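Asker: model the structure of this input:
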Amino acid sequence: MKVVRFHAPGDVRFEDMPEPEAGPGEVKIRVRNCSTCGTDVKISKFGHHHIHPPRVMGHEIAGEIVALGEGVEGWVEGDRVQVIAAIPCGTCDECKRGRMTICPNQESMGYHYEGGFAQFMVVPAKVLAVNGLNRIPEGVSFAEASVAEPLACVLNGQELARVGEGDDVVVVGSGPIGCLHVRLAKARGANRVFLVDLNRKRLDMAADLVKPDLAIAGEEVDVVQAVLDATDGRGADVIITAAASGAAQEQALQMVARQGRVSFFGGLPKDKPTVTVDSNLVHYRELTIVGANGSSPAHNAEALRLIATGAVPVADLITHRLPLDSAIDAFGIVARGEAIKVTIEP
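Answerer: Down below sits the predicted model:
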């Protein structure tokens, strides 16, 4: 079968490998869609310490079951399924406390296990053990289902930041994650949602789709002042930094309202992971700063429900659909910011 496989930083190949077979407790699927994200671009360029090459990439996966391993129950060939990306162990103290997103034993599709940029793949028994194989609801396409994984991460972030009724929310970063944050915040009852990006062209592309209440181009105006002006000097209730930017994290503390919440959603580069925080600002304004790390199996199931009900539409965010042999080209499209969401259809 054909796959897209990582061999070394800067060395990703479209090549053949033997078609896998499902072992005990496993499920084999025909991959129908595997969407791309910025993480795929980073892996292709720099690798990852959890990836021991060669490794099939891709972790935003949807497909249909073609074979069941010994002992698998509750599934039949032909079932349409979505696969979680982050796999908690389900047995550690954190998992037992319901904190699966911070499982210290977490593994991932496309890292520890062969991913979805392939014609066929095997879903590990560990995924099924934590209810990480989700049935795709009627009316939801494979392409839409593949976007459930990033939406699940967004859902986790907004739950931690307590986005809710009446909030003014600022989303920094107009990539696919930022677009999903805008739509989910509205679905959760936010009063107004502002979308911020340095690049006017990329901002306009995203804003045309997700219709924020205000689009702020950082290359043209002072972002902090623009948010303060739009909120009569109060600031926004929630700031979500959906970009790998330390400057954005520092700015967030300058434009958040008293008792507001700041989500450090986007991780920073490993060689520059620190920011400067005015601790007195956090202290006297009673601010909350929260992180966000991936998603749980339950978040994935809820993301599929949000897509199926229309609460968070995702089909129009998929701006590019490419065949498997164009997956490497897709990384460039993502890196250059020419798309919102690119999905690969093996």
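Asker: the spatially most central residue of the chain: which element?
Answerer: Most central in the chain under Cα atoms, centre = their mean is P150, positioned 2.5 Å from the mean C-alpha point. Secondary structure from DSSP states H and E places P150 in helix 148-160.
Asker: show me where the stretch 1-150 of the chain has its helices.
Answerer: 38-46, 93-96, 125-129, 142-146, 148-160 (DSSP state H, counting those that start in this stretch).
Asker: the host helix or strand of R305 - what's its average pLDDT?
Answerer: Counting by DSSP H and E, the element that carries R305 is helix 297-309. Model confidence over helix 297-309 averages 98 on the pLDDT scale.
Asker: find the nearest non-adjacent residue to A311, please.
Answerer: With Cβ to Cβ, 6 or more residues apart in numbering as the criterion, A311 has its nearest non-adjacent residue at 4.5 Å, and that residue is A187. Every C-beta, even on glycine, is put in place using the N, C-alpha and C of the backbone.
Asker: what are the phi and psi angles of that neighbour?
Answerer: phi -60, psi -30 (degrees, to the nearest 10).
Asker: burial count for it?
Answerer: By other Cβ atoms under 10 Å, 17 other residues sit near A187.
Asker: what's the distance between S263 and V122?
Answerer: Distance, S263 to V122, using Cβ to Cβ, to the nearest Å: 35 Å.
Asker: neighbour count winner among the two?
Answerer: S263 (27 against 20).
Asker: for the residue nearest to the centre of the chain, which residues are in contact?
Answerer: Counting by Cβ atoms under 8 Å, 6 or more residues apart in numbering, P150 makes contact with S35, C37, E60, P176, I177, L180.
Asker: 10 Å instead, please
Answerer: 35, 37, 39, 59-60, 85, 175-177, 179-180, 295, 303, 314, 317, 341 (Cβ atoms under 10 Å, 6 or more residues apart in numbering).
Asker: between helix 38-46 and the helix holding P150, find me the angle.
Answerer: 110 degrees (axes from the mean of the first three to the mean of the last three Cα atoms, to 10 degrees).
Asker: give me the sheet partners of the next helix or strand after helix 148-160 and which way each runs.
Answerer: Note on helix 148-160: by DSSP H and E, the next helix or strand toward the C-terminus is strand 168-172. Here strand 168-172 is paired, per DSSP bridges, with strand 192-197 (parallel), strand 236-241 (parallel).
Asker: how many neighbours does T231 have?
Answerer: Using other Cβ under 10 Å: T231 sits among 17 other residues.
Asker: ok, now G178?
Answerer: The local packing of G178 (other Cβ under 10 Å) involves 28 other residues.
Asker: swap in the one 4 residues further on?
Answerer: The number of residues packed around V182, counting by other Cβ under 10 Å, is 29.
Asker: what's near enough to touch N199?
Answerer: By Cβ under 10 Å, 6+ apart, the contact set of N199 is S174, M205, A206, A217, G218, E219, G337.
Asker: and what of A226?
Answerer: A226 makes contacts with V170, F194, V196, L214, I216, A217, G218, E220, M255, as judged by Cβ under 10 Å, 6+ apart.
Asker: most remote residue from the middle of the protein, which is it?
Answerer: Y284 (33.2 Å).
Asker: that one touches L253, doesn't it?
Answerer: No: between Y284 and L253 there is no contact under Cβ atoms under 10 Å: 11.9 Å.
Asker: ok, R234 - contacts?
Answerer: D168, V227, L228, M255, V256, A257, R258, G260.
Asker: now, which of those residues lie within helices?
Answerer: Among the contacts of R234, the members found in helices (DSSP state H) are V227, L228.
Asker: isn't there a helix covering G178?
Answerer: Yes: according to DSSP: H, G, I helix; E, B strand; the rest coil, G178 belongs to a helix.
Asker: that one - nearest residue in space that isn't next to it in sequence?
Answerer: G178 sits nearest to A242 (Cβ to Cβ, 6+ apart), 4.4 Å away.
Asker: contacting residues for the one you found?
Answerer: Taking Cβ under 10 Å, 6+ apart as the test, what A242 contacts is 154, 157, 171-182, 195-197, 248, 263, 265-266, 292.
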